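In: Coordinates for the following, if possible.
(3 chains)
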Amino acid sequence: MTDWFHKQRYLIDFSLAALGRRKVRNLGLLAAYSLLVFVLASVMLFTQGLRQEAKRVLAESPEVILQRLVAGRQDLIPPGYLEQIGRIRGVQKMEARLWGYYYDPVVKANYTFMVPGERQIPSGQLVVGPALARERGLVAGNLISFRSYSGRLFTFQVAEVLPQASELMSADLVLLGAEDFRAFFDFPAGHYTDITLSVANPNEVRNVAAKLAAALPDSRPILREEVQRTYASLFDWREGMVLTVLAGALLAFAILAWDKASGLSAEERREIGILKAIGWETGDVLRMKFWEGVLISLSAFLIGYLAAWVHVFHLDGALFRPVLQGWAVLYPHFRLTPQVDGLQLATLFFFTVFPYTAAVLVPIWRAAITDPDAVMRT
Amino acid sequence: MIEIADLHKAFNQGQHNEYWAIQGVSLSLARGQVTAFMGPSGSGKTTLLSLIGCLARPTSGRIRLDGEDISGLPERFLTELRRRHFGFVFQQFNLIKGLSARDNVMLPAYPLGLPHRQLTERADALLAQFRLGHRADARVEWLSGGEQQRVAIARALINDPPILVADEPTANLDTALSREFLAILGELSGAGRTVLLTSHDPLVLDSPQVERRVALRDGRVVEA
Amino acid sequence: MSLRPSTLALGGLALGLAGLLATWAEAGLQAQAPDPGTPALVRELGLTDPALFTEARYTRHLALSDRHAPFQDHPLGFDHFPSASLVAPPRHD
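Out: Sure, this is the predicted structure:
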């Protein structure tokens, strides 16, 4: 056992010395390789983190949201609509919501104005989301004016800024009282934006939706499971998009790695002959090359993965920000909860470490089984 | 004692360019002697040396090393045998470039898995023996021709083999360095090692260190 | 005697593997104490969408937006906002 260990260390010594002879080239390869793993792992960890976070917080969103459609477009819920629904078995709570969008020309951003269901916000006061507060430089107690769509100027006092921890969901929110909301938007009395329903038994949700659709043919029920599923596939889609873009880089690297790993120079061939002549077995040569492949690919895997971890979970995925933010002015600063998915990690490992090691080993095979007396003949 | 009986070696056997490098050599070589194989190029001396040194297997015939038949062994055993019994000094020295002199000397012992300290000490002792102690950490391509050959000899001796095989050892050396090599040869022989070498350098063949000369021509022994 | 290259390499790899295990440990520790504020806010307001795409009204609440608005000509036609190239059209069964 100790002999085995000593022997492997000698083989590692040798392959490192061999790699060290083309230091710039091999370090460059390691850097490119690590960068590739870093980007792949970053995309993987980031989408995985977003997926998990969406799953976690959207579990609390309403089971059913009912919208009303007029001529195929969403319209306001008219008075009496809530009563028309009447009693549906399994529905625990029904609530008509007031919310809408507001474009703030000062910072050229869209806000979501919303009236909270339970929290009472006194007239003339607002609770604002953290990204909005940052963009407009607001703290609790400040005054802020918005010009409404009707042209009138409304001045509010900021009562509170929502906690930064919730920024992923609340970045652009403006919470205000129902009276203020109706006055600001000239919202017709008795009308609402949509209706949320909570259903106690998850198996009942589809039945409830079917009954709603039957009772109110002009309505569209949106189910929580649909929303969750859509978000799950949305982040898959995003991951797929980025990976498709990366595929070109991946291919280029594959060609580089194949060329580097498989192009056995005459010099290397001669060296293998020397090693065999002075008493190395074919297996020793293969093991030495195996270590070369493992050292490079495993180092690249570890460097890339750890850098991606720090990037995604400690630097908040800074490099993805421009891609995600797009043209939006308000972008949430959020910190994802670290997630490790064993299967994903194994997949990444398999697709990065394994092919390179194989690419190193395959061409050496033929060189390693040449006769040792070749050295004497040249 | 190395006994060779009716040895044949063919290259590209069965093909149109079939070539018999050794055609029936029978010899008996005593231990502790310096033997030189001489003859024009193409006479089969290098092939004979690689057959004795277990670098290649004969097409037919037998080689016995201390009574043990080594001509039919599979490659694994040949490698083991080569490592234990033979040290090689090649015409081109065949050192691995980019490695230090010490690392080159240690190479043949890597597959044995000895403790690192023990192996390093042994390598340093050999380098010191050949007046290379101060060059141990230098890369081999920075060494002079004579120094390179002494590194090659040290490498051949790292596993303490009883038999040293040298192919045209003075082909790349000037007269002074060749004499130096012959002096080392004398020391090794004096220490009880068997030395087998090929040469057509009169300086080597006529030197007093060489105790036996075997002349080959066309794969046959013409004078022993 | 100077450090052998294999010592450095194996040490580096061991360090990297320790880092890998540390990420695992970090994920495990964080999973035990998730922030409760956000789910509470989501429950209170009935939120359905993260605030990742605020450039247009119809991208802000993808789950609730009028399904005709962002993809006016064809269900798979991308509109001119960058986020629309990253987001699939919402699926409605």
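In: Show me the shaky parts of the stretch 201-350 of chain A.
Out: A:237-238, A:241, A:260-263 (pLDDT under 70).
In: what ranges do the strands span in it?
Out: A:219-223 (DSSP state E, counting those that start in this stretch).
In: For it, which residues are neighbours of chain B?
Out: Within the stretch 201-350 of chain A, the residues that sit near chain B (CB under 8 Å from any CB of the partner chain) are A:267, A:270-271, A:274-282, A:284. C-beta: built from backbone N, CA, C; applies to glycine.
In: which two from those end up farthest apart in space?
Out: Within these, A:267 and A:281 form the most distant pair, 21.3 Å apart (CB to CB).
In: Looking at those two, which has the bigger crowd around it?
Out: residue A:281 (19 against 12; other CB atoms under 10 Å in any protein chain shown).
In: helix, strand or coil for the spatially closest residue to the more buried one that is not a sequence neighbour?
Out: Leaving aside its chain neighbours, residue A:281 sits nearest to residue B:79 (4.8 Å; criterion: CB to CB, 6 or more residues apart in numbering or on different chains). Put simply, residue B:79 is helix when judged by DSSP: H, G, I helix; E, B strand; the rest coil.
In: So, low pLDDT: which residues of chain B?
Out: In chain B, residues with pLDDT under 70: B:224.
In: what's the closest non-adjacent residue to residue C:52?
Out: residue A:324 (5.9 Å).
In: quick one on the thing from earlier: which among the residues of the stretch 201-350 of chain A next to chain B gets closest to residue A:75?
Out: Distances from residue A:75 to these, taken by CB to CB, are shortest for residue A:267, at 77.2 Å.
In: Now do the phi/psi pair for residue A:197.
Out: Residue A:197 has phi and psi values of phi -130, psi 140 when expressed as degrees, to the nearest 10.
In: wait, isn't it in contact with residue A:64?
Out: Yes. Distance between residue A:197 and residue A:64: 4.3 Å, which falls inside the contact criterion (CB atoms under 8 Å).
In: list the residues that contact both of the two?
Out: A:208, A:212 (CB atoms under 8 Å, 6 or more residues apart in numbering or on different chains).
In: what about the residue nearest to residue C:52, neighbour count?
Out: There are 18 residues near residue A:324, going by other CB under 10 Å.
In: swap in residue B:120?
Out: Counted with other CB under 10 Å, residue B:120 comes out at 18.
In: same question, residue B:45
Out: Neighbours of residue B:45 (other CB under 10 Å): 27.
In: what about it, distance to residue A:252?
Out: Going from residue B:45 to residue A:252 by CB to CB, to the nearest Å gives 52 Å.
In: And for residue C:61?
Out: Counting by CB to CB, the gap from residue C:61 to residue A:252 is 39 Å.
In: Residue B:83 now?
Out: 43 Å.
In: Pull out the buried positions in stretch A:222-232.
Out: For stretch A:222-232, the neighbour count (16 or more other CB atoms under 10 Å in any protein chain shown) marks A:222, A:223, A:224, A:226, A:227, A:228, A:230, A:231, A:232 as buried.
In: Is any residue of the longest helix anywhere in chain C near chain A?
Out: When chain C is parsed with DSSP state H, its longest helix is helix C:5-32. Yes. Shown here: helix C:5-32 in contact with chain A (CB under 8 Å from any CB) through C:5-6, C:9-10, C:12-13, C:16-17, C:19-20, C:23-24, C:26-27, C:30-31.
In: Mind checking which of these are buried?
Out: Applying 16+ other CB under 10 Å to these flags C:5, C:6, C:9, C:13, C:16, C:19, C:20, C:23, C:26, C:27, C:30 as buried.
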